[in-house]
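Chemist: Sequence and predicted structure are below.
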There are 4 protein chains.
Amino acid sequence: MRMIKESLRAQRIETPSWAYGNSGTRFKVFAQRGVPRDPYEKIADAAQVHAFTGVAPTVALHIPWDKVDDYADLASHAAGLGVGIGAINSNVFQDDDYKLGSVTHPDPKVRAKALAHLLECVDIMDATGSDTLKLWFSDGTNYPGQDDIRARQDRLAEALAAVYERLGDDQRFLLEYKLFEPAFYMTDLPDWGTAYAHCVKLGPKAQVVVDTGHHAPGTNIEFIVAFLLREGKLGGFDFNSRFYADDDLMVGAADPFQLFRIMYEVIGGGGFTERTAFMLDQCHNIEPKIAGQIRSVMNVQEATAKALLVDREALAAAQRAGDVLGANAVLMDAYNTDVRPLLAELREESGLAPDPMAAYAKSGYFEKIAADRVGGAQAGWGA
Amino acid sequence: MRMIKESLRAQRIETPSWAYGNSGTRFKVFAQRGVPRDPYEKIADAAQVHAFTGVAPTVALHIPWDKVDDYADLASHAAGLGVGIGAINSNVFQDDDYKLGSVTHPDPKVRAKALAHLLECVDIMDATGSDTLKLWFSDGTNYPGQDDIRARQDRLAEALAAVYERLGDDQRFLLEYKLFEPAFYMTDLPDWGTAYAHCVKLGPKAQVVVDTGHHAPGTNIEFIVAFLLREGKLGGFDFNSRFYADDDLMVGAADPFQLFRIMYEVIGGGGFTERTAFMLDQCHNIEPKIAGQIRSVMNVQEATAKALLVDREALAAAQRAGDVLGANAVLMDAYNTDVRPLLAELREESGLAPDPMAAYAKSGYFEKIAADRVGGAQAGWGA
Amino acid sequence: MRMIKESLRAQRIETPSWAYGNSGTRFKVFAQRGVPRDPYEKIADAAQVHAFTGVAPTVALHIPWDKVDDYADLASHAAGLGVGIGAINSNVFQDDDYKLGSVTHPDPKVRAKALAHLLECVDIMDATGSDTLKLWFSDGTNYPGQDDIRARQDRLAEALAAVYERLGDDQRFLLEYKLFEPAFYMTDLPDWGTAYAHCVKLGPKAQVVVDTGHHAPGTNIEFIVAFLLREGKLGGFDFNSRFYADDDLMVGAADPFQLFRIMYEVIGGGGFTERTAFMLDQCHNIEPKIAGQIRSVMNVQEATAKALLVDREALAAAQRAGDVLGANAVLMDAYNTDVRPLLAELREESGLAPDPMAAYAKSGYFEKIAADRVGGAQAGWGA
Amino acid sequence: MRMIKESLRAQRIETPSWAYGNSGTRFKVFAQRGVPRDPYEKIADAAQVHAFTGVAPTVALHIPWDKVDDYADLASHAAGLGVGIGAINSNVFQDDDYKLGSVTHPDPKVRAKALAHLLECVDIMDATGSDTLKLWFSDGTNYPGQDDIRARQDRLAEALAAVYERLGDDQRFLLEYKLFEPAFYMTDLPDWGTAYAHCVKLGPKAQVVVDTGHHAPGTNIEFIVAFLLREGKLGGFDFNSRFYADDDLMVGAADPFQLFRIMYEVIGGGGFTERTAFMLDQCHNIEPKIAGQIRSVMNVQEATAKALLVDREALAAAQRAGDVLGANAVLMDAYNTDVRPLLAELREESGLAPDPMAAYAKSGYFEKIAADRVGGAQAGWGA
């Protein structure tokens, strides 16, 4: 139990700056009160999540949404609030030029523009001290025949190689895949296999990031996690949850058992280290943002705690014996355990309130920002 | 063949006003040149689709996107361009009040507001002479426990009854269902069974509308069509196509064989009449709008022509004989036929150009609107 | 808590005779030791499940797999072992005549044969005192055009009416639906809507049974449960679990959170009564049968206990307030509770061992049947 | 057109010996008349498919279903009928020892037995002159925790390496993947990425085979085809079609447009050569076997002909221009063409009947085997 607590204490979960801004569906973005107007306010909100959970010390930036003139100043603002800058996320999907793709676009001029943005993101990594670049491409096609699948792979490979080349010694990029949306016939990086194949060719500084909402129905995500860890190619997670498509609900909300199974494979596969980025990537369309992030962090903690509780020796013995029910029971014993008291105790030992949700609610922070942040343009996906 | 031609000549496909405006995904709406700024311009574009295909004589309106001061004037504008006003589509999903639902919202004040809008839509039907109200609700929940599933059904039933009561003798409403999006845990009308059950209780003026993109993976849509026709409850279609979710691609683009099978059931089930509304409901996110609508209309025509070509006597004989391969072959013979020459001939007999896509491209209409429609706010889902 | 315990004490879960026989996939049926050779031995095994759990007092029969000369004798054998006969399950899918369907077959002779079997099942209900007939049809087609969808509905309706007519005053039938398998293009009862529509027309003695493995990916099963309860048409469950298709794994094994949500709706919708049949329908392909049934019964108990623990007043208050995170938290509080101590206590109060799995393992029953049941033909799906 | 005809003339499609035997679902295997009793009769039936289509000159064997004492004799029997032996298919899923896996089984003794079988298959390749070994593993688990995902990968890698080592200079193996069934929680080779990763490590004699029915819903199969061809890792196809899961229907029956898109990528990616094995792998559960194979071969031919008809220059120009509708139209023009006259002409030029289905029906072959093959055990998956 001491080792379990130590592991839980060492856990790090990164929250994304864009979770604090407005988000929605194509049908409607419902604005919320108190939403940040700039990166500084987003980081202030992220700092609240860390203040109440103790395990969310970094915040990911999204460029250009989080563009500032002086990144050193932004980093120092963050440090002053007790958090740091995490991964840099590129955006090559919101310019009119990218209607038919970015790095895979048939027009070399558009590809050059997209690549320039990706390289600029590495500049920002240098400026902020971030060691991780996250690459998600909305590239794909809506109609059969619209573009050449293979030619787009060639263009993708070329761009990835150029970015890889630009990375510093202690930098890496995480390559994201997604089955569909916003492209609806074919995406250029639809599955882990495609991302993996590109990363293997590039080298150790290219790794795969698993967004838990980006798979086809029925996909066994923990298998992918175990496989990528075996290959040394799991760079991290974009955590969220889903019932249907890329719903971007709070992680653990739709299928807490799946989250537990994922964390179980992470731990068993040696992935519970600093080299694996545990990041949230969610849309709080209807629930409050900061509270939604706190709940999400807690959900990951609870799944982790349960995964740490698995009696791996008993499990291995049952597996060796071919005892199907026995092995399953060992796993389920851990899952069925109520770990909330353990986590409350852990927080109190660290000087935190045992119930982060209640403590945050009582803090008055939300009321304050709702009152203060009046006027100006609220941050959202488009800004 | 004469009867097939007559059937094709009698076919009516309704285009939606919103297809001519901008649309996109939650990630980005790519603006296009020449997009209408108001309902009058939308109707002008819809008139083009009819001018070149000859089978799209009505255009559906969406309220409030197509709100005007004088609907009689709008109708007369349409008539002057050779088209008429079709179904009225309500919108209870884009007001901030509807964040947690409209007619199923826990707060009676929000429900009253939503109902008032629905009744206003019937007023507009009266004003425009439209006989069909299309009801789509984005209502649902994102998280288990968020609201009470059953209570929401009660509220839904209450609102539907009030709208039903308000309908005139020659008016009806079509109730739409959708598996998910924008709600991600539960929608209040997730499937045809739910819509059907409500409609049966209400009476003959309530019918189900099948949006071909609103089903779970693997759903056999033509079965639903055949079943609803058997029950007298098929009110019409919102046509589009999909590979994954509610992709809203051009109808027939993703699975032309499925569209053929649907039209085959429509014809066999007695649904190929004026009482069935064949409507398009699509998003031309990356392709030009008017041309996209023309192509879609043609895709429906081709599927219909093939379905009409099925040798139903030979098919019935093979079915009676339990000849699996033979029966399937009769159906496939029709599907594998190239019906484009037949449709070209039909168009020429009606004084139309044989190739609507080419004729529209040559007409210079797009160049004209692209040049003329400069300034003003382009129409889109939000306006 | 007293009321929760009383509810749990009153719970009844029916096990199926065929779960004790061999089962498998189309690739292989792995025979197990100790498998029953006849209905008497199956019932003996079912009695073990009841002996250790205290909540499984009935066993469902499958005709003709469980055909015996003297049903009164079989019933008295069951009574002697402390259990009773539950639902009668018909089988119109394993005769060569049924290759293209049973009650929907194009050939009236085959339909007549199928109907005769269904009526015979009602005779067996009379003979055994069973009040419930479960109707599952494998009817459907593999290829588009193979048979006429609508004509098959007519034939289905005719057969159902004839069976309905034959039912005694205190008898009912439960109509099952299934998306696919063994038919792969279209099934004649693919979804709850179809089953519901038929049952509504027939009357109160026809109800829908929900097999938790028979839905399209992404289907919200608890919505269906809530809806059917609202309509008075939920007859019961065939419990099992799945990751992909109709996997027939142990209930609660694949998605315990879903099972909890289902039981939550059952309780809230007034379905936690004797009129709702809670039946297991599973395949223990690789795990031992009796232990697999015990584990499954326990999984249902645990989900039920958690569902009973939901603080419905607090939940309703949060729902009324539109508090998304708060409402979800109330539900999750119950789900995250470890109810195993409560159930252990309950069992001890009823004179049972607190851990049924351990107690069964220690009982030596399996070793005994493995030694005794040598020779003879093991029961399976084919016999 | 001359080149298109030449390509079609050069096409080779392999039929599987097991398609001529009985097959079914877990619910029922419906026996058919005239079904072969041994490998010699299966090959005789396969020879009929070649006789009427002219493009099916080889037949795949399945070991042990097609075990004979003298493979040279079997090969000479085939040669005498105008066909040859194709790929050798291994079977490590039908022995009781394989209940929990074969090459990934926790018990080294079972693994050794499975590996011995695989090596024996290479012996049979040597004896028959076959150059292709097809490896499909049913290995996987039904319950979370049942076995260790990563350890199973280690065992799999070890077995594959041993088989690879044993291959002769002109031999290769094709590694098959499958999402699920008969394992229902996790399969050890669930997707192309897993198969690809293993094959890359082994070397050029290991390639991936794409079974068109083995993917998650929504998977874009032609993307996988294009990607594997770009990597030189596409070994071939197991053709069939599906609406839901691994339905094993006739190829092209469920989604003919998808089959066309696949063949389009094959041709464009340089895969239309002898090194790509185009194999059928289907279950004719309810339709006649030989006729079902002929129809399937024709479906592949028609899709190929359409794919060859695509005006690739016009398509590339439209793609370069970013003309979404234009590019899609070029592809659809080819798909919408009725290629049956072209194929009929081609057959007549080759001295074949223009309509293979009609010619086979008229030949009297089926009536002959139905009369002759009485007594003996019909071949099926179990024998």
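Modeler: Yep, it's here.

Chemist: pLDDT weak spots in chain A?
Modeler: Confidence mapping of chain A against pLDDT under 70 gives the ranges A:382-383.

Chemist: what does it put close to chain B?
Modeler: Selection of chain A residues close to chain B by Cβ under 8 Å from any Cβ of the partner chain yields A:23-28, A:30-31, A:93-94, A:96, A:98-100, A:138, A:142-144, A:179-182, A:184-185, A:217, A:242-245, A:247, A:249-250, A:253-254, A:285-287, A:381. Backbone N, C-alpha and C define where each C-beta goes, glycine included.

Chemist: how close does the residue of the stretch 51-200 of chain A found nearest chain C sit to residue D:282?
Modeler: Distances between the stretch 51-200 of chain A and chain C by Cβ to the nearest Cβ are smallest at residue A:179, namely 13.0 Å. In this view, residue A:179 and residue D:282 are 27 Å apart by Cβ to Cβ, to the nearest Å.

Chemist: What is the neighbour count of the nearest residue to residue A:7 once chain neighbours are set aside?
Modeler: Once flanking residues are discounted, residue A:7 sits nearest to residue A:308: 5.6 Å by Cβ to Cβ, 6 or more residues apart in numbering or on different chains. By other Cβ atoms under 10 Å in any protein chain shown, 23 other residues sit near residue A:308.

Chemist: Please identify which helix or strand holds residue A:308.
Modeler: helix A:289-309 (DSSP states H and E).

Chemist: Toward the C-terminus, what is the element adjacent to that helix?
Modeler: helix A:312-320.

Chemist: anything in that next one sitting right up against chain C?
Modeler: No: legend: contact between helix A:312-320 and chain C by Cβ under 8 Å from any Cβ is lacking; minimum distance shown is 11.9 Å.

Chemist: Buried ones in that helix, by neighbour count?
Modeler: Applying a neighbour-count criterion of 16 or more other Cβ atoms under 10 Å in any protein chain shown, the buried positions in helix A:312-320 are A:312, A:315-316, A:318-319.

Chemist: Could you list every helix and strand in contact with that helix?
Modeler: helix A:324-335 (3 or more Cβ pairs under 8 Å, 6 or more residues apart in numbering or on different chains; DSSP states H and E).

Chemist: Next, the angle from the helix it packs on to helix C:289-309.
Modeler: If you take axes from the mean of the first three to the mean of the last three Cα atoms, to 10 degrees, helix A:324-335 sits at 20 degrees to helix C:289-309.

Chemist: which strands and helices sit next to the following helix or strand past helix A:324-335?
Modeler: The helix or strand immediately downstream of helix A:324-335 is helix A:340-349, counting by DSSP H and E. When contacts are defined as 3+ Cβ pairs under 8 Å, 6+ apart, helix A:340-349 packs onto helix A:2-10, helix A:289-309.

Chemist: contacts for the helix or strand that the shortest one is followed by?
Modeler: For helix A:2-10, the following helix or strand on the C-terminal side (DSSP H and E) is strand A:15-16. The contact list for strand A:15-16 (Cβ atoms under 8 Å, 6 or more residues apart in numbering or on different chains) reads A:46, A:49, A:56, A:58-60, A:62, A:89, A:279-282, A:293, A:297.

Chemist: Can you get me a residue count around residue A:204?
Modeler: 10.

Chemist: ugh, wrong one, residue A:364
Modeler: Counted with other Cβ under 10 Å, residue A:364 comes out at 10.

Chemist: What residues does the stretch 101-250 of chain A have near chain C?
Modeler: A:217-218, A:220, A:243-244.

Chemist: With secondary structure and neighbour count as extra columns, can I get those residues in CSV?
Modeler: Converted to CSV, these look like this (DSSP: H, G, I helix; E, B strand; the rest coil; neighbours: other Cβ atoms under 10 Å in any protein chain shown):
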residue, secondary structure, neighbour count
A:217, coil, 20
A:218, coil, 20
A:220, coil, 24
A:243, coil, 22
A:244, coil, 24
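
Chemist: Please identify the buried residues of the helix or strand hosting residue A:370?
Modeler: Per DSSP H and E, residue A:370 falls inside helix A:365-372. Across helix A:365-372, burial judged by 16+ other Cβ under 10 Å covers A:365-366, A:369.

Chemist: Residue A:83: which of the residues you listed is nearest?
Modeler: The closest of the buried residues of helix A:365-372 to residue A:83 turns out to be residue A:365 (Cβ to Cβ; 14.7 Å).

Chemist: which SS state does the nearest residue to the closest one once chain neighbours are set aside fall under?
Modeler: Excluding the flanking residues, the one nearest residue A:365 by Cβ to Cβ, 6+ apart is residue A:48, at 5.6 Å. State at residue A:48, reduced to three classes by DSSP: H, G, I helix; E, B strand; the rest coil: helix.

Chemist: For the residue of the stretch 251-383 of chain A found nearest chain D, give me its contacts.
Modeler: For the stretch 251-383 of chain A and chain D, the shortest gap (Cβ to the nearest Cβ) falls at residue A:331, measuring 3.2 Å. Taking Cβ under 8 Å, 6+ apart, we find residue A:331 in contact with A:264, A:310, A:315, D:144-145.

Chemist: Which parts of chain A are helices?
Modeler: All helices of chain A, identified by DSSP state H, fall at A:2-10, A:39-53, A:71-80, A:108-128, A:149-166, A:192-202, A:221-230, A:256-268, A:289-309, A:312-320, A:324-335, A:340-349, A:356-363, A:365-372.

Chemist: May I have the distance across stretch A:10-27, first residue to last?
Modeler: By Cα to Cα, to the nearest Å, the extent of stretch A:10-27 from end to end equals 40 Å.
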